[in-house]
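Enquirer: Kindly generate the corresponding structure for this input.
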Amino acid sequence: MPNNPNQGETLLRVEHLCQYFKSNKAVDDVSFEVKKGEVFGLVGESGCGKTTTGRSIIKLYDITSGNIYFKDERIAAGTLSYKQNIEKAQAQYKIDVNEVKASDVDEAEKKHRIAEKKKALDAYVAQQKAEMKSARADHKKHKTATQIQMIFQDPIASLDPRMTVGQIIAEGLIIRGEKNKEEIERKVYEVLEMVGLVREHAGRYPHEFSGGQRQRIGVARAVIMNPEMIIADEPVSALDVSIQAQVINLLDDLRHKMGLTVMFIAHDLSVVKYFSDRIGVMYFGKLVELATSDELFAHPMHPYTKALLSAIPMPDPDYEKRRKRITYVPLKEHDYSVDLPSLREVSPGHFVHCNQAEFEKYQTQLQ
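Expert: Sure, this is the predicted structure:
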């Protein structure tokens, strides 16, 4: 099912995204790109930061640090990194001044050197403050990202029980400024039929539907805005297996029919493999591996990815008897006390979060 992976223009670009809640680093320095027309899968265990990443992209949260670009236009920006840069520069300035004062040069030379360092500090602080002001302006300019819509995980909690299905689906159009009631009604009926429901459902309330039907309503609410990108946040995790396949097939049909780009968030790797062109693996707020779907399953590099893949059950009793689960223990797998890790390209299009020693080891394994 993959559709031309790694080809086409970049639609979404996430650079050094950080999302902190008080002392909790929900997402920490995550960077990736999503190409136009592809399905980008994001996987990981519960609490790893997948949903927070999606909600940050769609601006349900004000991001702490980093930048998010949609069609090469910055739609979200955080300011913490600029503040930290200023604090580091000021701390370094104090250290440099003390070194100058302790040096053997005469007083006139000391004053000259300190003045030069102060001048450089002031210029750097001014530049960081200007970039911070620009980031705030861009973030404020794009209050909402209507060209990106989200399908939420819980099909019950994400629908207002006091509104009819027609009102729920039409709400986005009304907020956007659509006033023609006949046009709104026509679009609601059209999108209901597009997702496999009927127009009579528009007058009913969410509690009158099954879980699968409620998720179809959530899909309809997203696609009626005619978005370019949809973020599907574990859209099938609360559904029965047979209904999961129906919803996945619906998303795939809509993707091709409307030319959608999809960011598919899930913890079920077998579903993600079936649906995604490229897959990013998250662990504890970090993106630890990124590759095409086929490459990730054929050559997993990061120990956490291997642990995830080892947990996939297979409908084969003999295989299940032999299957060995891999447990990922970071302290046993990595020594980052000296050589710090970063996301590195081990092979073309295959990125792994590793340090230099691990990077060399992974490249040796590929030879």
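Enquirer: okay, CA-based contacts and neighbour counts for the rest of this
Expert: OK.
Enquirer: Now for the chain, the helix or strand with the poorest mean pLDDT.
Expert: Every helix and strand of the chain was ranked by mean pLDDT, DSSP states H and E. The lowest is helix 317-322, at a mean of 78.
Enquirer: which element follows it toward the C-terminus?
Expert: Heading C-terminal from helix 317-322, the first helix or strand you meet, by DSSP states H and E, is helix 330-333.
Enquirer: which helices and strands does that next one pack with?
Expert: Using 3 or more CA pairs under 8 Å, 6 or more residues apart in numbering; DSSP states H and E as the contact test, no helix or strand touches helix 330-333.
Enquirer: By neighbour count, which bits of that helix are buried? Give me those.
Expert: By neighbour count on 16 or more other CA atoms under 10 Å, the buried set for helix 330-333 is empty.
Enquirer: how far does that helix sit from the chain's center?
Expert: 25 Å (CA atoms, centre = their mean, to the nearest Å).
Enquirer: again with stretch 312-328
Expert: How far stretch 312-328 lies from its chain's middle: 30 Å, per CA atoms, centre = their mean.
Enquirer: Give me the contact list for that stretch.
Expert: Stretch 312-328 is contacted from outside by L269, S270, P303, Y304, K306, A307, L308, S310, A311, using CA atoms under 8 Å, 6 or more residues apart in numbering.
Enquirer: nearest to K35, of those residues?
Expert: For the contacts of stretch 312-328, the minimum distance to K35 (CA to CA) is 20.7 Å, reached by L269.
Enquirer: Who are the contact partners of the closest one?
Expert: By CA under 8 Å, 6+ apart, the neighbours of L269 are V43, L308, L309, I312.
Enquirer: for L340, same thing?
Expert: Counting by CA under 8 Å, 6+ apart, L340 has contacts C354, N355.
Enquirer: same thing but at 6 Å, please
Expert: N355 (CA atoms under 6 Å, 6 or more residues apart in numbering).
Enquirer: Now do the SS call for it.
Expert: Counting by DSSP: H, G, I helix; E, B strand; the rest coil, the backbone at L340 sits in coil.
Enquirer: ok so, going back, just the buried ones from the contacts of stretch 312-328?
Expert: The buried subset of the contacts of stretch 312-328 (16+ other CA under 10 Å) comprises L269, P303, Y304, K306, A307, L308.
Enquirer: what about the fifth one, which SS state?
Expert: Taking three-state DSSP as the rule, one finds A307 in the helix state.
Enquirer: Farthest pair within the contacts of stretch 312-328?
Expert: S270 and P303 (18.3 Å).
Enquirer: which residue ranges form the strands in the stretch 151-300 of the chain?
Expert: Listed in chain order, the strands of the stretch 151-300 of the chain (DSSP state E, counting those that start in this stretch) span 229-233, 261-266, 278-283, 286-292.
Enquirer: residue farthest from the centroid of the chain?
Expert: In the chain, the residue that sits farthest from the middle, by CA atoms, centre = their mean, is D106; the gap is 55.7 Å.
Enquirer: where does the stretch 1-150 of the chain have low pLDDT?
Expert: For the stretch 1-150 of the chain, residues meeting the criterion pLDDT under 70 lie at 1-7, 143-145.
Enquirer: now the end-to-end length of stretch 52-61.
Expert: 8 Å (CA to CA, to the nearest Å).
Enquirer: Determine the longest helix present in this structure.
Expert: Using DSSP state H, we find that the single longest helix of the chain is helix 107-141.
Enquirer: Tell me which residues of stretch 117-126 come out buried.
Expert: Across stretch 117-126, burial judged by 16+ other CA under 10 Å covers K117, K118, L121, Y124, V125.
Enquirer: Minimum pLDDT in the contacts of L269, which residue is that?
Expert: For those, the model is least confident at I312; its pLDDT is 78.
Enquirer: Check whether it sits in a helix, strand or coil.
Expert: coil.
Enquirer: what's the burial count for it?
Expert: Neighbour count for I312, taken as other CA atoms under 10 Å: 13.
Enquirer: what are the ranges of the helices in the chain?
Expert: If DSSP H is used as the criterion, the helices of the chain fall at 50-57, 80-102, 107-141, 165-176, 181-194, 211-223, 241-258, 269-275, 293-298, 303-310, 317-322, 330-333, 356-366.
Enquirer: between the fourth one and helix 181-194, how many degrees?
Expert: Taking axes from the mean of the first three to the mean of the last three CA atoms, to 10 degrees, one finds helix 165-176 and helix 181-194 inclined to each other by 120 degrees.
Enquirer: circling back to that earlier point, quick one: which of the strands of the stretch 151-300 of the chain is nearest V352?
Expert: Using CA to CA, the strands of the stretch 151-300 of the chain put strand 286-292 closest to V352, at 4.4 Å.
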